[in-house]
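# have a look at this prediction, sequence included:
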Amino acid sequence: MASEGLHGDLRKAGEPPTASAWLCYISAAALVALLALAAQWCTDVSGFLDTRSVMADGAIAVEVYANGDFESPATVRVDRHHCQTKEALQEVLSSVPSHCPLRGQEGTRQSCAAFSADGREIATCEVFVPEARAWLVPRDRPFMHVAREIGHKIHLDHVREGLALETLSLEPPVFRVSNFFDQSDVELLKAAALKEKDSTKKLQRSTTGTSKVEVSRTRTSETAWVVEAPVSFKLKRRCFEMLGMRPYEEKMADGLQVLRYNVTAAYNSHYDFIEGKGWNRKRSDNPKSEHKQKAEPIGGGTAGETDPHNDEFNWNPADGGSNRFATVLLYLSDVAEGGETVFPRAKGFDDQKGNRNELAAFRQTPHASLFRRGSWEESLVGQCRSKLALKPKLGEALLFYNQKPDGSRDDSSLHGACPILEGQKWAANLWVWNDYRFGYNRPRAVAAQQDTKFRATFVNKSAQRVQLVWFDATSQRRVAFGHIASGGSKVMDTYRDHVFELHQAAVAEGALDDLSRVRHFSLEEGTVFVHE
């Protein structure tokens, strides 16, 4: 005889379950599934987060900052449904008006994109592991890495394994870059500089000038422009990736400049930001600097290409124009003594008494005879010994910004190349602009391209491997972006009107046999392109 107990009806062995028992089983199974789903949600994201970022109901509290900033965050609640699509996640994260600055004369607010600390646009909630933070970047401005504290590192293994940024200064933001390039790149750059024969690009005394080339009195190094070598394009593309600027735009980069400094050679303190006509308009509180950067031929072009008096070009990024945004300095050699990169206006190094004391001490050394007393080179040595000065090391690089997040010039980015006291210094400059650089007139209709960014997927359903190639219509160059195996796919962040091609044969940078081209895509509509 069956009796009721804690488990409902107790059945004899072999008896079929009753209807109430089935209902109990189904309810229990549903509860288990719900708990498993909740556990997965917690395991995927919340379980690995700082407990301070997880709300009582399992939502994520994300700290949202303005571009390039690490102060005054706003807190945004991210629920599970926000994590289902990139669009939903971006929408909720960018809902902080105070962190998305006004743009335009009418004060209209530009849309912003939310980025992670490593410079990637946020697409999933997995990016919040282990820290739930995001940075809002206006669509018409580039992302800026954040100098949180001295010694803090940002790991960028998605760009290159082992590549990392270490904060060396907060104001200006200066980062030591490790593993950006290797010894083979060093040899290729030096060789390309030494074998260049073009009179405007070959290794020669550094020049400045606008309407004509002038030998610089405050820059005694030798300069070459490495423009056509494949290593130049490789490093420039890597630079864009490191800066969080995708896809690569040749029109937003100067040519790669290789420098050689012999004993006594130096470059007096200057800005990389070019003071073209109207560069500080609408910024009356930004005094004109005595350290004016004369325009140089950009990318190894002819003199006059960067005429700062040109009325047609807007040099002021804070007013919708373009200028040098970031500088990446590659050290291609060690230096026995001297050759540091100095930042005279770096915060925390403003003791003029220390500068005078260091200069007096230098005058007691054997190296003092290298310079005329009272010369700019001798004065620079005093700064190099009392200000923030970073010693060259083969294989390392420096990253610093020439603009503030709003596009105005960062006055603390003043920098110089300290005189070589012993040995020789090789280095290379990579300059990236916030928009099309001088020499390229961006059509007004294209100025809104930042709002046409989307993600394209290329699918290869053919029986053979193909190579994905971007065709730059302006420079008439083709740039390879890797292979797609048979049955594979590749996802690219790109812009409308960019042109991609699929090729059956390997494609070198520059011209190629168009017979190998199998498909040609102009990215205007849709996001999925299938090759069969």
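Yep, it's here. Bear in mind the structure is a predicted one, so any value in this text is a computation, not a measurement.

# contacting residues for residue 342?
By Cβ atoms under 8 Å, 6 or more residues apart in numbering, residue 342 lies in contact with 269, 380, 383-384, 387-390, 415-418. From N, CA and C alone the C-beta is placed, and that goes for glycine too.

# measure the closest residue to residue 418 other than its chain neighbours to residue 355 for me?
Of all residues not flanking residue 418 in the chain, residue 384 sits nearest, at 3.8 Å (Cβ to Cβ, 6 or more residues apart in numbering). Counting by Cβ to Cβ, to the nearest Å, the gap from residue 384 to residue 355 is 10 Å.

# so which of those two has more stuff around it?
Taking other Cβ atoms under 10 Å, residue 384 and residue 355 do not tie; residue 384 has more neighbours (28 against 19).

# and the more buried one, what pLDDT?
Residue 384 is assigned 96 on the pLDDT scale.

# repeat for the one 4 residues further on
Model confidence at residue 388, given as pLDDT, is 96.

# need the contact list for the nearest residue to it once chain neighbours are set aside.
Once flanking residues are discounted, residue 388 sits nearest to residue 346: 3.8 Å by Cβ to Cβ, 6+ apart. Contacts for residue 346 (Cβ under 8 Å, 6+ apart) come out as 169, 171-172, 174, 387-388, 412.

# out of the residues you listed, which comes closest to residue 363?
residue 387 (17.8 Å; Cβ to Cβ).

# how near is the closest one to residue 343?
Residue 387 sits 6 Å away from residue 343, going by Cβ to Cβ.

# okay, the strand or helix carrying residue 184 in CSV with CA atoms only?
Using DSSP states H and E, residue 184 maps to helix 183-195. Coordinates of each C-alpha in helix 183-195 appear next as CSV, following Å, rounded to 0.1, in the frame of the first residue of the first chain:
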residue,chain,number,x,y,z
GLN,A,183,65.9,43.3,-36.3
SER,A,184,65.1,42.3,-39.9
ASP,A,185,62.9,45.5,-40.2
VAL,A,186,65.9,47.5,-38.9
GLU,A,187,68.1,46.2,-41.6
LEU,A,188,65.5,46.7,-44.3
LEU,A,189,64.9,50.3,-43.3
LYS,A,190,68.6,51.2,-43.2
ALA,A,191,69.3,49.5,-46.5
ALA,A,192,66.3,51.3,-48.2
ALA,A,193,67.5,54.6,-46.8
LEU,A,194,71.1,54.1,-48.0
LYS,A,195,70.2,52.9,-51.5
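
# neighbouring strands - and their directions - for the next helix-or-strand element following that helix?
Under the assignment DSSP H and E, the closest C-terminal helix or strand after helix 183-195 is strand 204-205. Note on strand 204-205: by DSSP bridges, its sheet partners are strand 222-226 (antiparallel).

# could you give the angle of the partner strand to helix 183-195?
On the basis of axes from the mean of the first three to the mean of the last three Cα atoms, to 10 degrees, strand 222-226 is oriented at 110 degrees to helix 183-195.

# what about strand 222-226, average pLDDT?
Strand 222-226 carries an average pLDDT of 94.

# likewise stretch 422-441?
What stretch 422-441 shows for mean pLDDT is 93.

# in it, what's buried?
If you call a residue buried by 16 or more other Cβ atoms under 10 Å, then stretch 422-441 has these buried ones: 423, 425-438, 440.

# strands of the stretch 251-400 of the chain, residue ranges please.
For the stretch 251-400 of the chain, applying DSSP state E, counting those that start in this stretch gives strands covering 256-261, 267-270, 324-331, 337-338, 341-343, 388-390, 397-401.

# in JSON lines, list those strands along with distance to residue 464.
Shown next, in JSON lines, are the strands of the stretch 251-400 of the chain (distance: least, Cβ to Cβ, whole Å):
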{"stretch": "strand 256-261", "distance to residue 464": "35"}
{"stretch": "strand 267-270", "distance to residue 464": "52"}
{"stretch": "strand 324-331", "distance to residue 464": "38"}
{"stretch": "strand 337-338", "distance to residue 464": "56"}
{"stretch": "strand 341-343", "distance to residue 464": "49"}
{"stretch": "strand 388-390", "distance to residue 464": "49"}
{"stretch": "strand 397-401", "distance to residue 464": "39"}
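
# now go through the buried residues of stretch 422-441 and say which are in strands.
By the criterion of DSSP state E, membership of the buried residues of stretch 422-441 in strands covers 425-433.

# any chance of the residues you listed in a markdown table with distance to residue 366 as columns?
What follows is those, written out as a markdown table (distance: Cβ to Cβ, whole Å):
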| residue | distance to residue 366 |
| --- | --- |
| 425 | 19 |
| 426 | 24 |
| 427 | 25 |
| 428 | 31 |
| 429 | 31 |
| 430 | 36 |
| 431 | 36 |
| 432 | 40 |
| 433 | 43 |
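
# report the two of these separated the most.
Longest span within these, Cβ to Cβ: 425 and 433, 25.9 Å.

# ok so, going back, out of the strands of the stretch 251-400 of the chain, which is closest to residue 467?
Closest approach to residue 467 among the strands of the stretch 251-400 of the chain (Cβ to Cβ): strand 256-261, 24.3 Å.

# show me what the closest one is packed against.
Under the contact criterion of 3 or more Cβ pairs under 8 Å, 6 or more residues apart in numbering; DSSP states H and E, strand 256-261 touches helix 183-195, strand 222-226, helix 230-243, strand 425-433.

# need the ones you listed in CSV with distance to residue 403, can you?
Formatted as CSV, the helices and strands packed on strand 256-261 follow (distance: least, Cβ to Cβ, whole Å):
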stretch, distance to residue 403
helix 183-195, 26
strand 222-226, 23
helix 230-243, 12
strand 425-433, 10
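
# quick one: closest of these to residue 82.
Nearest of these to residue 82, taken as Cβ to Cβ: helix 230-243 at 27.0 Å.

# in the closest one, what's buried?
231-233, 235-243.

# my read: the residue nearest to residue 418 touches residue 417, true?
No: using Cβ atoms under 8 Å, residue 384 makes no contact with residue 417, being 9.3 Å away.

# overlap of the contact sets of the two?
Shared contacts of residue 384 and residue 417, defined by Cβ under 8 Å, 6+ apart, comprise 340, 342.

# what comes up buried for the helix holding residue 184?
Quick answer for helix 183-195 (16+ other Cβ under 10 Å): 185-186, 188-190, 192-193.
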